[in-house]
Structure formats: C-alpha cells, structure tokens
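**Q** Provided below for reference: sequence and predicted model.
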Amino acid sequence: MLPAAQYDRRVEIWRRTDTTRDAKGGQTAAPVKIATLWAARNWLNRREGLTSEQLAATNQTLFTVRYSATAAAIVATDRLRIGGVDYNVNAVQERGFREDIDIYVEGRTP
C-alpha cells in the first residue's frame, strides 16, 4: 500500500453502456462516468512517432487506486480520464489482498 500523500491525482473512470434510444428498441453506446477516484501515477513508457503525418506521443501509464468495490469493478474495456486526457484501460490487477488496484492504461497526446 502506498502512502496517502502519493494518491494525488483525481481520475474518472468511464464505461460505454448501451442505452435504448427509440420506441423500436434501437440502441446506441453512450459513455457513462462510473467513478471518480484518487490515484497515484507512474509513467511506464513514452514513445513519439508520426501518425497521419502528425507527431503524436503514446504514453503507457500505471495508475494505482485504493481498493474499493467500485475500483474492483473496473475492466479493460473502460476508459480513464485525467485532466481532459482520455486513456484506454489495458489491464486491471489487484495488488495484495484488497489493498490497491493497479490500472494499466495507454493514451495518445497530440
């Protein structure tokens, strides 16, 4: 478990859910915020490259949050948002017995 002072980032977890849109039962996927948590950030890897003739950076980052029922429900199809930047959740792993949850994410920064 990390010291409390290291949980200094406020992150939001978003999940795409199917919502009924019309009387015929047509559905559309809409993002829904499922949690706002305090997290510790640890940069794992940063790469820069050209995509579509634009320079973009790819960041692989580890966010660690305290264990809770909400944090334990985070899955690899969710998205993590911090400071207006969205990251794709790649993996979620429990550290210790209900101590922390490690969230491995990857995101692009233009």
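**A** Arrived safely, thanks for sending. Please read all numbers here as calculations on a predicted model, not as lab measurements.
**Q** going forward, measure contacts and count neighbours with C-alpha atoms only.
**A** Fine.
**Q** okay, which residue is most central for the chain?
**A** Leu80 (2.3 Å; CA atoms, centre = their mean).
**Q** Contact partners for it?
**A** Val11, Glu12, Ile13, Trp14, Asp86, Tyr87, Asn88, Val89, Val105 (CA atoms under 8 Å, 6 or more residues apart in numbering).
**Q** longest strand of this structure?
**A** strand 27-51 (DSSP state E).
**Q** Would you indicate which residues of the next helix or strand after that strand are buried?
**A** Sequence order places strand 54-66 as the next helix or strand after strand 27-51, per DSSP states H and E. Within strand 54-66, the residues that count as buried by 16 or more other CA atoms under 10 Å are Ala57, Asn59, Gln60, Thr61, Leu62, Phe63, Thr64, Val65, Arg66.
**Q** Can you report how many residues lie near Pro31?
**A** 14 (other CA atoms under 10 Å).
**Q** Please name the residues that touch it.
**A** Trp14, Arg15, Arg16, Thr17.
**Q** From those residues, which land in strands?
**A** Trp14, Arg15, Arg16, Thr17.
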